[in-house]
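K.L.:
dropping a prediction and its sequence here:
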Amino acid sequence: MELYSDKLIRVHYAAEQSILYADWQEQRPYSAAEVKTAFMDVVSSARDLNIKNLMLNFSDNTQDLTEEEYKAALAQLVVGLLPTTIRKIACVGTSSSVREDRILAAFNEIKESINRPLEFSFFSNRTKALLWLKK
């Protein structure tokens with residue numbers, strides 16, 4: 001069931017899997033502010049559902065942000081998800097291991113400052129991400 005869609009992100013819920021999916025839709029330059037807005041759309045959808053798993057699909061995303069921009073966007077996502085029941089976030093990434101390493105480092109730094117069990121992992125494809133979420 002589609003919950004939200006705009007030029008950057010599509011958020012849909014698969015009730016049979018109990019997973020909230022967020023897919024990046026557009027391959028064009030965008031700003032950190034647009035990423036934050038997209039993450040807030042994900043948070044808004046997550047707050048309306050009682051789910052434990054979120055899959056972020058950024059495999060078609062070619063834009064790179066600075067380390068500080070990643071950290072700020074992820075902090076907004078994590079803080080927004082605090083009042084939800086989400087426990088695992090799977091991210092289907094690109095082939096840019098440098099970017100994924102930056103994002104993972106930012107997430108781990110943010111996670112240390114919150115007192116909540118929240119897992120985050122990168123995957124090369126949706127199938128692997130889905131298997132991890134279902135564990």
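P.N.:
Cool, got the structure.
K.L.:
tell me the pLDDT of T62.
P.N.:
In this model, T62 is scored at 59, pLDDT.
K.L.:
go on, A22?
P.N.:
Reported pLDDT for A22: 95.
K.L.:
skip ahead from the helix or strand containing it and say which helix or strand is next.
P.N.:
Per DSSP states H and E: A22 is located in strand 19-24. Next along the chain after strand 19-24, taking DSSP H and E as the criterion, comes helix 32-47.
K.L.:
coming back round to it: okay, the angle between the strand holding A22 and helix 32-47?
P.N.:
160 degrees (axes from the mean of the first three to the mean of the last three C-alpha atoms, to 10 degrees).
K.L.:
what's the burial count for E109?
P.N.:
Counted with other C-beta atoms under 10 Å, the neighbours of E109 add up to 12. Using the backbone N, CA and C atoms, a C-beta is placed for each residue, glycine as well.
K.L.:
contact partners for it?
P.N.:
If you count contacts by C-beta atoms under 8 Å, 6 or more residues apart in numbering, E109 has them with K71.
K.L.:
ok so, going back, tell me how far the strand holding A22 lies from the chain's centre.
P.N.:
Averaging C-alpha positions (C-alpha atoms, centre = their mean, to the nearest Å) puts strand 19-24 8 Å from its chain's average.
K.L.:
repeat for stretch 113-124
P.N.:
10 Å.
K.L.:
go through it and flag the buried ones.
P.N.:
L118, F120, F122, F123 (16 or more other C-beta atoms under 10 Å).
K.L.:
same thing with stretch 82-96?
P.N.:
T84, I86, K88, I89, A90, C91, V92, G93, T94.
K.L.:
show residues contacting that stretch.
P.N.:
20, 43, 46-47, 49-62, 64, 81, 99-100, 103, 114, 116-126, 129-130, 132-133.
K.L.:
how is the most centrally placed residue in the chain assigned, secondary-structure-wise?
P.N.:
The centroid of the chain falls nearest to L56 when counting by C-alpha atoms, centre = their mean (4.0 Å). Secondary structure state of L56, per DSSP: H, G, I helix; E, B strand; the rest coil, is strand.
K.L.:
which residues does it bridge with?
P.N.:
A22, C91 (DSSP bridges).
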